[in-house]
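**Q** Next one to model:
(2 chains)
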Amino acid sequence: MSIFKDAGHLFRFAGLFVLAFLVFLVVRHYVVPKSFGQYGHYRGAAIGEIAQHPAKFAGHEACETCHSDVADKKKAGKHAHVNCEACHGAIFERLPVAEQPKPNLFQRAVALVVHPLPSDPPLLRHAEDPTVKPVLPDTAVLCASCHTASAAKPKGFPQVVPAEHSNGMPCETCHQPHSPGMATPVAAAGGAK
Amino acid sequence: MNGVEGYMYPNEITLYWSVLIVLYPYITGLVAGAFILASLERVFRVEAVKPTYRLALLTALAFLLVAPLPLVLHLGHPFRSPEMYFTPHSTSAMAMFGYVYMWYLMAVLVFEIWLDYRREIVLLSQSSTGLLRLIYKVMTLGSTNISPRSLAIDERVGWIVTLVGIPSAFLLHGYVGFIFGSIKANPWWSSPLMPVVFIFSAMVSGIAGVMLLYMAITKLRKQTIDMRCVDSIAMYMFYIFIIDFSLEMLDLVHRIYEADESFRSLDFMVHTKLYFSQIVIQICLGTILPLVLLFLTQVVKLPEIARKRIYGLSGCLALIGIFAMRWNVVIGGQLFSKSFLGYTTYKMALATKEGLFMAIALTLLPLLFLWVLIKLLPPWPEKSEHAPAIGD
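**A** Numbers count the residues shown, from 1 in each chain, chains lettered A, B, ... in the order given. All right, here's what the predicted structure looks like:
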């Protein structure tokens, strides 16, 4: 039995490992959320929590119920698949501001230390209150975000160098954004190519 | 756009893997290399390198303790890092690395050091006083048995642990190369040779690091450098360096011969943005020059003082060269667009979470840890002129 006596310290070291593993299991039991792994490698309860977030985009169907004339024009043009809110901004909040969930004390404390809480964009509840108008974009900037020439874009995609093409004029001077084509003769628009 | 030439995809303009991610494979490489050097004595019975055995183990431990810090500091939410252990994803190489790291730290390094030092720990727990006595007592785990038989068991178990430690060291550092080598979207990284190159360069850097530490500490202790030991270490470093350089050249030649669609872009990068760090620092100063110097020591009978200077110089150059290799892999792989139409620039920040000062602090921190470890567990026998080496 002296082998066990002389190797006793090895068993102590092994015991330390076992103890550390048990502590790990206990900590893991408390820190891993109960719903983790319910559907996959994530917290199952997160789905419900995310669903509670106020929706910001309503989709083009919401706009088209009132603006069928614009929808018809858009369907015929090249921008048929560009969503209304891509240019006009989010127009819908599912919950009124007063009913939106407020961050609790812990979330506020964390926000103070780590980073500020994300601020919501101005609420555009245009669908419920038509006096709240959606964004009218600056086309000289907005159109350029897609149509600025780049070697990585497909050859058939309309691309221009904005400074040379329009001299800083808004694009809608010549083009109709809902169905982009030439609205006025090029010469009248000030020499755009 | 500032620092951008040609076309970059929007997510490529800013480099997300900073100098800390360069430091991470560098530090783990030093760990793996130092451990391999220690194994030379323990497993392969290279008696000449015995004076560096314990120093190599302590160096490996000091650097291993710091190894995850660059990664943790890189995270946006560092406090979430333990989740990798609590809920690991079986298909994530990063998550599996957490376990490899813990295995290597606890089951290999700490265990081997504890076994090797157990006799001294028990003796020190009886002879020291105050807080140190308490620390040593905790380290004994309550066992004061240092009978010849128990020490013989320690010796045998330590040998097995070192044997297991060699593939573990390969796994630890091979994994770092694996992470880069398996990113198939990046042609600069995607190569099955990457883990092998990383392992061999790790061995060179670890051996060079321990050799320099041994020479510097011995000088500081006003002791005589064991030239037989340093000559042997330099010889091993030279041989492994040759293999490392050959593998890197093989990778290069393979890329040139294959010349796939990324080749023109990568070739341009090596001739412009990476010219200084790759051609000048990594290959010329950090590889060829130390190889030539070490070659000289192998073929010409040089006086002791010349050999010491050459070993010191080539060790420093090797460390710089291998840091440059990590830099060129990590930073170089992010400088070009995956469209092969443009290049960006890495501008290192100074006093930020991932800046230069932090990188310097993380490089020095292992040396501080090593100093504490050496104070706690001296790697050389007391009164070295008279006392026999530990374990003899």
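
**Q** tell me, how many neighbours does residue 27 end up with?
**A** Answering for chain A, as no chain was given. Using other CB atoms under 10 Å in any protein chain shown, residue A:27 has 13 other residues around it. Heads up, the C-betas are built off the backbone N, CA and C, glycines and all.

**Q** my bad, chain B
**A** Around residue B:27 there are 25 other residues, counting by other CB under 10 Å.

**Q** Model confidence for it, exactly?
**A** You'll see residue B:27 listed with a pLDDT of 96.

**Q** just checking, residue A:77 touches residue A:175?
**A** No. Residue A:77 is beyond contact range of residue A:175, at 10.2 Å (criterion: CB atoms under 8 Å).

**Q** which one of the two has more residues nearby?
**A** For residue A:77 versus residue A:175, neighbours defined as other CB under 10 Å are more numerous around residue A:175 (21 against 14).

**Q** For the more buried one, grab phi and psi.
**A** Main-chain torsions, residue A:175, degrees, to the nearest 10: phi -110, psi 150.

**Q** that older thread, which neighbours do residue A:77 and residue A:175 have in common?
**A** Residues touching both residue A:77 and residue A:175 (CB atoms under 8 Å, 6 or more residues apart in numbering or on different chains) are residue A:181.

**Q** For chain B, what lies in contact range of chain A?
**A** For chain B, the residues in contact with chain A (CB under 8 Å from any CB of the partner chain) are B:6-7, B:9, B:77, B:82, B:85-87, B:89, B:106-107, B:111, B:114, B:118, B:140-143, B:145, B:147, B:149-150, B:153, B:157, B:339, B:341.

**Q** residues from chain A in reach of chain B?
**A** Checking chain A against chain B by CB under 8 Å from any CB, the hits are A:2-3, A:5-10, A:12-13, A:16-17, A:20, A:24, A:27-28, A:31-32, A:36-37, A:41, A:114, A:150-152.

**Q** What's the ChimeraX syntax to select whichever of those residues are buried?
**A** The following ChimeraX line selects those of those that are buried, judged by 16 or more other CB atoms under 10 Å in any protein chain shown:
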select /A:6,7,9,10,13,36
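
**Q** Can you spell out the domain ranges of chain A, please?
**A** Following automatic domain parsing, one gets these domains for chain A: A:54-136, A:139-189.

**Q** quick revisit: of the residues of chain B next to chain A, select the buried ones using a PyMOL command.
**A** Buried residues among these (16+ other CB under 10 Å), as a PyMOL selection:
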select buried, chain B and resi 7+87+107+111+114+118+140+141+143+145+150+153+157+341
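
**Q** what's the helix or strand for the nearest residue in space to residue B:339 that is not next to it in sequence?
**A** Closest residue to residue B:339 apart from its sequence neighbours, by CB to CB, 6 or more residues apart in numbering or on different chains: residue A:152 at 5.3 Å. In this assignment (DSSP states H and E), residue A:152 forms part of neither any helix nor any strand.

**Q** shaky segments in the chain?
**A** No chain was given, so I picked chain A. A:1-3, A:54, A:92-104, A:106-125, A:127-128, A:182-193 (pLDDT under 70).

**Q** wait, chain B
**A** Across chain B, residues meeting the criterion (pLDDT under 70) sit at B:1, B:382-392.

**Q** Would you state the strands of the stretch 201-350 of chain B in chain order?
**A** Remark: strands assigned in the stretch 201-350 of chain B by DSSP state E, counting those that start in this stretch are B:342-343.

**Q** Residue A:148 reaches residue A:160, doesn't it?
**A** Yes. Look at residue A:148 against residue A:160 with CB under 8 Å: they come within range, at 7.3 Å.

**Q** Show me the helices in chain A, by range?
**A** For chain A, applying DSSP state H gives helices covering A:2-6, A:8-31, A:45-51, A:60-64, A:68-76, A:84-88, A:105-113, A:139-147, A:162-166.

**Q** burial count for residue B:262?
**A** 18.

**Q** That one: what's its closest spatial neighbour, skipping adjacent residues?
**A** residue B:187 (3.6 Å).

**Q** now do residue B:101
**A** Going by CB to CB, 6+ apart, residue B:101 has residue B:68 as its nearest residue, at 6.6 Å.

**Q** Would you check how far apart the one you found and chain A are?
**A** Distance, residue B:68 to chain A, by CB to the nearest CB, to the nearest Å: 17 Å.

**Q** OK, contacts around the spatially closest residue to residue B:273 that is not a sequence neighbour?
**A** Counting by CB to CB, 6+ apart, residue B:273 lies nearest to residue B:335, which is 5.5 Å off, once chain neighbours are set aside. By CB under 8 Å, 6+ apart, the residues touching residue B:335 are B:15, B:269, B:273-274, B:343-346.
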